[in-house]
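Return atomic coordinates for the entry below.
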Amino acid sequence: MPISEQQVRRWLSAVKTVGDTSDIVAAEHLEWVSILDDAIAIKLHVSSVAGDPKAMEAIAGACLEAIRQGAVRAGERVRALKVQFVDKAGGVIRESSFEASPKGALRPAGEAGPPATGPSSSSVQPAAPSGAPIAAHTIAVGAGKGGVGKSTVSVNLSVGLARRGHAVGLLDGDIYGPSLPTLMGLDAMEPNVLEGRFQPFLTHGVKSMTVGKLVEADKPLIWRGPMAHGAFKQLTEKTDWGDLDHLVIDLPPGTGDVPLTMAQNLSLTGAVIVCTPQRVAQDDAVRAAKMFEQLGVDILGVVENMSVFVAPDGQEFDIFGRGGAQQMAQRLGLPFLGALPITMDLRTNSDAGDPSANFEGDSPPRQRLQRAMNEVLDNLESQLALAAVRHAKTAPSLTIR
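As a prediction, the model looks like this:
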């Protein structure tokens, strides 16, 4: 039987802090408990020890021991434990992580977390990625705002790279609103697990994986942050990607748990930011750019999506304006990868799960879209080559004839 929140709270009622006559549960120091499979995350607010790392370490150790003993008594296995200390505003001031050894005993997995400076965004530090790279290039596609076509751009970048002869994987990182089942035409396909690893779906020359194929199609995922964190980590690490040239990750909008998890666990080549021309989209895209900057992730460039509407007769209309994202990129000193139009065919092909059709056909709208996509792909490949040099994955050479 899975471990329940009530069990964890009961186990933690054995933990007391210095100066408290009651336990951390009764004293309301325990903010919340989250459980995903056999991994547990707890959040504590103990104002009396906020500036004392040793005291927080002692409390985390006491929580570890209480959960370990409780799990043994209940005959349960705990694979991992994360103890976060937060300030009054909810900002994480210290984090202790523990993981099971090969024999099953929980042991420290190293500590991480910003210094106790409060919830300021400046306290977020770049994280050293763990584990071996999944692909030669891992590309995060993000946006500060939903509805800007980030998933559509991710899919078409992936298909475009695959059509150029690359081995490409596409990971749907939008745990709460997965789009790949529709955009990649996965509806009729069933998930497959082989030797404990997810087998990616292969359509349009791209290997893709999405949580949308692992749960009921109409079931909302009402998960707390650590559960989304765990789900993204499992999709990343437990998928049998094989040898990839590029792994494209379609991120959820905003600056929450999944981007942080991604930066901590993957060796990212860089990020692509998607933005529409409007000012409101630019404002949120700037926040996304600052987030990647704070996480130590290079920004490969900005794509202006829905830059113009191309009618069936080839006439163009600036429905959302034009050039706003390019101006934003110039203002921030970021590469501009190109501007993608919106067409009726693009919408139809997306709904039909046939992104390959966007690279075919000779109607004026399709030719306009193909030119724009090729420009973006050319610029992206150039930025990936530059990033490889920056990351010392390749070295520049000089040939003298």
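
quick one: Arg163 and Phe359 touch, right?
Yes: Arg163 lies in contact with Phe359 (C-beta atoms under 8 Å); the separation is 6.0 Å. Placement of C-beta: from N, CA and C, glycine included.

separation between Ala167 and His246?
7 Å (C-beta to C-beta, to the nearest Å).

the more surrounded of these two?
Remark: of Ala167 and His246, His246 carries more neighbours, 24 against 18, as counted by other C-beta atoms under 10 Å.

So what are the sheet partners of the host helix or strand of that one and their directions?
Per DSSP states H and E: His246 is located in strand 244-250. For strand 244-250, the pairing partners within the sheet under DSSP bridges are strand 135-142 (parallel), strand 168-172 (parallel).

what packs against whatever helix or strand comes next after the shortest one?
Same thing as strand 168-172. Using DSSP H and E, the helix or strand that follows strand 168-172 towards the C-terminus is helix 180-183. Packed against helix 180-183, as judged by 3 or more C-beta pairs under 8 Å, 6 or more residues apart in numbering; DSSP states H and E, are the following elements: helix 150-163, strand 206-210, helix 344-351.

Return helix 180-183 as PDB; C-alpha atoms alone will do.
Extracted in PDB, the C-alpha atoms of helix 180-183 (Å, rounded to 0.1, in the frame of the first residue of the first chain):
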ATOM      1  CA  LEU A 180       2.100  16.400 -27.800                       C
ATOM      2  CA  PRO A 181      -0.600  13.700 -28.000                       C
ATOM      3  CA  THR A 182      -2.500  16.000 -30.300                       C
ATOM      4  CA  LEU A 183       0.300  17.900 -32.100                       C
END
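
Please work out the average pLDDT along the very next helix or strand once past it.
Following helix 180-183 in sequence order, the next helix or strand is strand 192-194 (DSSP H and E). For strand 192-194, the mean pLDDT works out to 84.

Name the residues that touch strand 192-194?
Phe198, Gln199, Asp240 (C-beta atoms under 8 Å, 6 or more residues apart in numbering).

And Ser215, what's its pLDDT?
Slight slip there: residue 215 is Val, not Ser. Turning to Val215, the model gives it a pLDDT of 68.

Dump the helices and strands packed on helix 180-183 to JSON lines, plus distance to Gly91 and mean neighbour count.
Formatted as JSON lines, the helices and strands packed on helix 180-183 follow (distance: least, C-beta to C-beta, whole Å; neighbours: other C-beta atoms under 10 Å):
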{"stretch": "helix 150-163", "distance to Gly91": "27", "mean neighbour count": "25"}
{"stretch": "strand 206-210", "distance to Gly91": "31", "mean neighbour count": "25"}
{"stretch": "helix 344-351", "distance to Gly91": "39", "mean neighbour count": "16"}
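
Can you lay out these as a markdown table showing mean pLDDT and distance to Ile59?
Listed next are these as a markdown table, based on pLDDT from 0 to 100; distance: least, C-beta to C-beta, whole Å:
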| stretch | mean pLDDT | distance to Ile59 |
| --- | --- | --- |
| helix 150-163 | 95 | 40 |
| strand 206-210 | 93 | 38 |
| helix 344-351 | 94 | 50 |
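
how does this protein divide into domains?
5-123, 135-390 (automatic domain parsing).

ranking the ones you listed by burial, who's on top?
Neighbour counts (mean count of other C-beta atoms under 10 Å) averaged over each of the domains of the chain peak at domain 135-390, with a mean of 19.

in the stretch 301-401 of the chain, what spans have low per-residue confidence?
The stretch 301-401 of the chain contains residues with pLDDT under 70 at 391-401.

hey, where'd the strands end up in the stretch 201-350 of the chain?
201-203, 206-210, 244-250, 270-275, 299-304, 309-310, 316-317, 336-339, 342-343 (DSSP state E, counting those that start in this stretch).

what about the ones you listed, which gets the closest to Arg73?
strand 206-210 (37.6 Å; C-beta to C-beta).

quick one: that closest one to strand 244-250, angle?
40 degrees (axes from the mean of the first three to the mean of the last three C-alpha atoms, to 10 degrees).

Listing partners with orientation, what would you give for strand 206-210?
Strand 206-210 has the following sheet partners, assigned by DSSP bridges: strand 168-172 (parallel), strand 201-203 (antiparallel).

Turn the ones you listed into CSV, including distance to Arg371.
Converted to CSV, the strands paired with strand 206-210 look like this (distance: least, C-beta to C-beta, whole Å):
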stretch, distance to Arg371
strand 168-172, 21
strand 201-203, 25
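
okay if I get the ones you listed as a markdown table plus distance to Pro355 and mean pLDDT?
Shown next, in a markdown table, are the strands paired with strand 206-210 (distance: least, C-beta to C-beta, whole Å; pLDDT from 0 to 100):
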| stretch | distance to Pro355 | mean pLDDT |
| --- | --- | --- |
| strand 168-172 | 10 | 93 |
| strand 201-203 | 9 | 92 |
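
Alright, I will stop here.
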